[in-house]
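**Q** Need coordinates for the below:
(2 chains)
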There are 2 protein chains.
Amino acid sequence: MINRLVDRIKKLNAPIVMGLDPMMDFIPEQIKQKAFAEYKETLAGACEAVWQYNKGIIDATYDLIPAVKPQIAMYEQFGVEGLQVFQKTVDYCKEKGLIVIGDVKRGDIGSTSKAYAVAHLGKVKIGSKMIKTFDEDFVTVNPYLGSDGVNPFLDVCREENKGIFVLVKTSNPSSGEFQDRLVDGRPLYELVGEQVAKWGESHMGDAYSYVGAVVGATYPEMGRVLRKLMPKAYILVPGYGAQGGKAEDLVHYFNEDGLGAIVNSSRGIIAAYKQEKYASFGEAGYADASRQAVLDMIEDITGALRKAGK
Amino acid sequence: MINRLVDRIKKLNAPIVMGLDPMMDFIPEQIKQKAFAEYKETLAGACEAVWQYNKGIIDATYDLIPAVKPQIAMYEQFGVEGLQVFQKTVDYCKEKGLIVIGDVKRGDIGSTSKAYAVAHLGKVKIGSKMIKTFDEDFVTVNPYLGSDGVNPFLDVCREENKGIFVLVKTSNPSSGEFQDRLVDGRPLYELVGEQVAKWGESHMGDAYSYVGAVVGATYPEMGRVLRKLMPKAYILVPGYGAQGGKAEDLVHYFNEDGLGAIVNSSRGIIAAYKQEKYASFGEAGYADASRQAVLDMIEDITGALRKAGK
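**A** Prediction:
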């Protein structure tokens, strides 16, 4: 699956991923009104609105982007119905040829971590049958519990030819509270990065490992160091755009081959129509605004890479 | 809710929580056969088996225990249907007067962490309505992303009078890989523990805070230190029994008032019938075996507390 991700990034010349994090405030009024008219202001109504909104954006962008990253929390807040829409969104993206990175940030130990891995990447055993459920291609994983939490994911990844992105340095302002603390003179995130490289050795694709890392766009100097510490890890980069990460800073997250990183944008794409820059599309043209935002983001990032000679 | 938890623990003289982590292997054959006969070997069949199994155990133990801790991964592995049974289990436990600690170990940032908090402890806004979904009483939270990840949970906890348990030192063998690393000569878990105490100050119950901590039973010396660092935090203690934690070691997790900790047992209770000690109950008597295991665990822990003069 990491090979397929790299191939799609090369083919589309687009090292980007679209975050499908549908907040109710992002959804155009006419979609919400129609859904509420049919299902009232219920969980079913909200979920219908989320689904129609997602579908519009996916249909308008799937030919330009290699991958999507649905944030499961935005679906989980609508309970079981919300998770049904998460599932429907994953399935639909895969039908459209997109690679799906489930942003689930799960992490537990032993048989519990195995259960999460099975839920999102593998198959669950029921009597004599093996049955798939959410079935994303990659998921994000929290490393706080150490190898006992990560190894069960690696086992399922090997069986299913799938991958993970481990949280190393997150994009938020308080990420330093624990991640930056110095251990023998080096920040904790470097130790986690080294461990990512080690975990990754056991499950390699052609040029890159099935074990990637999450490193926020908002800390470019740390991105530069981590790039070197984990040369074979694909870096998933949140925090571009809305959170302040700039394309010229992100070139350090890429290797000299111009590969090795995939930059996420969520609200910058899916709520583009709310920005002044794309206001002319109007609410009804929200999906076209998202398409234009994707084109602009690709140009922004590949332009910076060209400038840096990568 | 922390006051209610403390009251129930005192009333029942039972500082324990039952982990409802239903693995397929734990479920008696006759329950599985009946469910598969009705629904075949499908997700629906597995979920019916999980539900009947849970219900049997809850009915046999609810009058003895203050709280249950369903591990959501064990339900999530069965996809949307599994999460429906999670919801049904949470609802049923609450009907029976039990306090429900959702072992979800979620953790993200900003609006995403808010969405998880809303999903599990709060209400989601849909148009003009506020709607509850999973609605547990407490959840476990992963601290790796720092205050940006925890504060949204605290906001929802204040609104809803609910609480969280933050992972500090987990019970697994590799928990030390990152948690034990020395920062200025002190292990990281101590810094997390201090932060838990700080977060907790902003949301206090009568004697204890709404912000508790998870500290594994398998590291009693660390439990002793953390008890002192977080005097007002309730400590949720996994790792008793199956993972090796012993009652006499756990007295250090309690304050002098005999309160301040709640010890979890999962398979030790819910799969008690598989132990030699409870074999005479047979598979058909699995729920009665669980009841006996609860009584034995309460005696084991309260006995150790009495001996320690707590």
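
**Q** tell me which element A:Ser53 is part of?
**A** Let me fix one detail, which is that residue A:53 is Tyr and not Ser. helix A:43-61 (DSSP states H and E).

**Q** is chain B contacted by that helix?
**A** Yes: counting by Cβ under 8 Å from any Cβ of the partner chain, chain B is contacted by helix A:43-61 at A:43, A:45-46. Bear in mind the C-beta positions are built from the backbone N, C-alpha and C, glycine included.

**Q** Closest one of these to chain B?
**A** Using Cβ to the nearest Cβ, A:Ala46 comes nearest to chain B of the residues of helix A:43-61 next to chain B, at 4.5 Å.

**Q** What pLDDT does the model give that closest one?
**A** A:Ala46 is assigned 98 on the pLDDT scale.

**Q** pretty sure it contacts A:Glu38?
**A** No: using Cβ atoms under 8 Å, A:Ala46 is not in contact with A:Glu38; the gap is 11.8 Å.

**Q** And those two? Which one has more around it.
**A** Each of A:Ala46 and A:Glu38 has its neighbours counted (other Cβ atoms under 10 Å in any protein chain shown); A:Ala46 has more, 29 against 11.

**Q** For that one, give its distance to A:Leu182.
**A** Distance of A:Ala46 to A:Leu182, computed by Cβ to Cβ, to the nearest Å: 45 Å.

**Q** In chain A, which helix is the longest?
**A** Taking DSSP state H as the criterion, chain A has its longest helix at helix A:286-307.

**Q** Which parts of the stretch 1-150 of chain A are helices?
**A** A:2-12, A:29-39, A:43-61, A:73-76, A:79-95, A:110-121, A:147-160 (DSSP state H, counting those that start in this stretch).

**Q** Tell me where the stretch 101-250 of chain A has strands.
**A** Secondary structure of the stretch 101-250 of chain A (DSSP state E, counting those that start in this stretch): strands at A:123-126, A:129-132, A:138-141, A:163-169, A:182-183, A:186-187, A:211-215, A:235-237.

**Q** okay, the ones you listed, which one's buried deepest?
**A** Most buried of those, by mean neighbour count (mean count of other Cβ atoms under 10 Å in any protein chain shown): strand A:211-215, with a mean of 29.

**Q** any chance of the residues of helix A:43-61 next to chain B in CSV, with distance to A:Asp249 too?
**A** As requested, the residues of helix A:43-61 next to chain B are arranged in CSV below (distance: Cβ to Cβ, whole Å):
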residue, distance to A:Asp249
A:Leu43, 40
A:Gly45, 41
A:Ala46, 36
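
**Q** Not counting residues beside it along the chain, what's closest to the spatially most central residue of chain A?
**A** When Cα atoms, centre = their mean is applied to chain A, the residue found nearest the centroid is A:Lys69 (3.5 Å). What sits nearest to A:Lys69 in space, not counting adjacent residues and going by Cβ to Cβ, 6 or more residues apart in numbering or on different chains, is A:Ile101, at 4.3 Å.

**Q** Establish whether stretch A:223-243 and chain B are in contact.
**A** No: Stretch A:223-243 is not in contact with chain B by Cβ under 8 Å from any Cβ; minimum separation 9.2 Å.

**Q** Contact partners for the residue in the stretch 101-250 of chain A that chain B sits nearest to?
**A** When scored by Cβ to the nearest Cβ, the stretch 101-250 of chain A has A:Thr133 as its residue closest to chain B, at 3.0 Å. Residues near A:Thr133 by Cβ atoms under 8 Å, 6 or more residues apart in numbering or on different chains: A:87, A:118-120, A:124, B:43, B:77-80, B:82.

**Q** Distance check, it against B:Tyr278.
**A** A:Thr133 is 33 Å from B:Tyr278, by Cβ to Cβ.

**Q** Apart from its neighbours in sequence, what residue is nearest A:Gly285?
**A** Computed as Cβ to Cβ, 6+ apart, the closest residue to A:Gly285 that is not its neighbour in sequence is A:Tyr273, at 6.6 Å.

**Q** what number of residues lie near that neighbour?
**A** For A:Tyr273, the neighbour count with other Cβ under 10 Å is 23.

**Q** again, but for the one 4 residues further on
**A** Applying the criterion other Cβ under 10 Å, we find 13 residues in the vicinity of A:Lys277.

**Q** same question, A:Pro231
**A** When neighbours are counted by other Cβ under 10 Å, A:Pro231 registers 12.

**Q** just to revisit the earlier point, any idea how far the residue nearest to A:Gly285 lies from A:Val237?
**A** Separation of A:Tyr273 from A:Val237 (Cβ to Cβ) stands at 24 Å.

**Q** same question, A:Tyr219
**A** Distance check for A:Tyr219 against A:Val237: by Cβ to Cβ, it reads 10 Å.

**Q** for A:Tyr92, same thing?
**A** 25 Å.

**Q** So the closest residue to A:Ile16 other than its chain neighbours: helix, strand or coil?
**A** Distances taken as Cβ to Cβ, 6+ apart place A:Val263 nearest to A:Ile16, at 5.3 Å, with adjacent residues excluded. Of the three states, A:Val263 takes strand under DSSP: H, G, I helix; E, B strand; the rest coil.

**Q** Residues in a beta bridge with A:Val263, which ones?
**A** A:Ile16, A:Val237 (DSSP bridges).
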